[in-house]
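[1] Quick one: sequence and predicted model below, then my questions.
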Amino acid sequence: MATERLVLRGEEEHDLPLVQRAAEIIRAGGLVAFPTETVYGLGADALNREAVRKIFQAKGRPSWDPLIVHLDDPEQMFTLTRDQPASIRALMQHFMPGPLTLVLFKTAIVPDEVTAGLPTVALRVPAHPIARALIRLSDTPIAAPSANKFGRPSPTTAEHVLHDLDGEIDAVLDGGGTPVGVESTVIDLTTHPPTLLRPGATPVEAIEALVGAVHLLQSTPAEGEALRSPGMSARHYAPQAQVLLCPPSPDSLYVHTQRALHAGATVGVMKPIGWQLPSDPRLRVYTWGEWGDWRVLAQRLFDGLRWLESEGVQTIVCPLPPPQDLALAIRDRLERAARS
């Protein structure tokens with residue numbers, strides 16, 4: 001059975017019945033993909049064990065990779081968690097709703113299927129109005145990883161969702177492209193100081209300015225070990241083509257592209273505006289954006305990787321952003337996509 005596509009127009013009188021339809025599916029234990037400000041999520045009732053298991057089945061996601069629980073109201077965190085640190089209030093007031101996920105000790109109401117059996121749960125309040133409306137109308141927290149096959153580039157359009165999951169989920173709420181384009185930042189508040197588990201759309205510098213030093217996690221969990229957060233797998237966000245990273249300069253991009261072409265590959269390039277490339281019929285170019293405009297580059301990252309993949313390239317050459325601000329999230333996604 002094909003996935004039901006519920007196309008939104010941005011008009012309340014038209015969209016509300018479609019969101020209500022999606023909420024009915026969630027309440028019945030089904031799966032709905034929906035837009036957030038970051039990427040599209042694949043949602044199920046977070047308190048329904050069977051519904052949560054369907055997420056893992058549809059994505060081909062291993063059980064050791066936990067899910068993020070999405071809420072309509074930050075105050076709901078206090079029902080689902082215990083032993084919250086004092087810093088939680090400041091983080092809620094400054095960054096919620098928005099692309100920040102907090103890891104806290106869970107209460108018994110949260111199923112182990114959501115948390116990979118760990119005593120902690122990851123929660124956030126999305127800023128996208130459709131996501132918030134869906135959670136509110138579903139009258140339940142919604143567990144939602146990205147709406148794609150496990151390990152693939154995250155989806156930033158409904159087309160991306162359907163490419164990976166058509167016929168395997170009940171519906172997708174098509175709200176157009178997502179404005180941020182990379183996932184939320186994940187901070188573990190069960191440690192002191194807090195630990196950055198996944199860089200994302202909320203810069204760690206902004207978090208540290210509010211709550212003090214944040215520990216940067218250096219090690220990668222062993223394969224099969226329960227992860228403390230989504231997005232921590234060594235290889236993730238990866239297209240079918242090999243991703244080849246290079247230093248962030250026009251000369252380096254030109255040279256690495258030329259080398260890939262000389263090796264006989266059909267080559268795709270994530271090209272910043274104004275950077276020059278060799279002329280070759282085997283070259284496919286995705287115009288990424290102005291180098292240093294991290295908001296645009298983040299928003300277009302996964303779309304570019306997926307488009308180049310659709311062009312049938314064998315190698316994708318991409319300059320690597322610096323480890324700071326929003327560029328850190330882009331860098332993290334690219335480094336994981338490039339690992340073999």
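    Nice, I can see it.
[2] what are the ranges of the strands in the stretch 101-250 of the chain?
    Taking DSSP state E, counting those that start in this stretch, the strands of the stretch 101-250 of the chain run over residues 120-124, 142-143, 171-174, 185-188, 195-198, 215-216, 242-246.
[3] Those: lowest mean pLDDT?
    Mean pLDDT values for the strands of the stretch 101-250 of the chain show the minimum at strand 215-216, a mean of 88.
[4] Which elements pack onto it?
    strand 195-198 (3 or more CB pairs under 8 Å, 6 or more residues apart in numbering; DSSP states H and E). The way it works is simple: take the backbone N, C-alpha and C, and place the C-beta from them, glycine included.
[5] Name the strands paired with the strand it packs on and say parallel or antiparallel.
    Counting by DSSP bridges, the strands paired with strand 195-198 are strand 185-188 (antiparallel), strand 215-216 (parallel).
[6] neighbouring contacts of the first one?
    Here strand 185-188 makes contact (CB atoms under 8 Å, 6 or more residues apart in numbering) with 68, 91, 99-103, 120, 122, 194-204, 207, 214, 228-231, 329.
[7] Do I have it right that Pro203 meets Leu328?
    Yes - using CB atoms under 8 Å, Pro203 makes contact with Leu328 at a distance of 7.3 Å.
[8] Just the residues contacting the helix or strand of the chain with the lowest mean pLDDT, thanks.
    Sorting the helices and strands of the chain by mean pLDDT, DSSP states H and E puts strand 215-216 at the bottom, at a mean of 88. The contact list for strand 215-216 (CB under 8 Å, 6+ apart) reads 191, 193-196, 204.
[9] can we see that at 6 Å?
    Residues from elsewhere that reach strand 215-216 (CB atoms under 6 Å, 6 or more residues apart in numbering): 193, 195-196.
[10] Most neighbours of all those, which one?
    Among the contacts of strand 215-216, Leu196 has the most neighbours (other CB atoms under 10 Å), with 20 neighbours.
[11] mind listing what the spatially most central residue of the chain touches?
    Most central in the chain under CA atoms, centre = their mean is Glu183, positioned 3.4 Å from the mean C-alpha point. Listed by CB under 6 Å, 6+ apart, the contact set of Glu183 reads 38-39, 200.
[12] Same question for Ile26.
    32, 45, 138.
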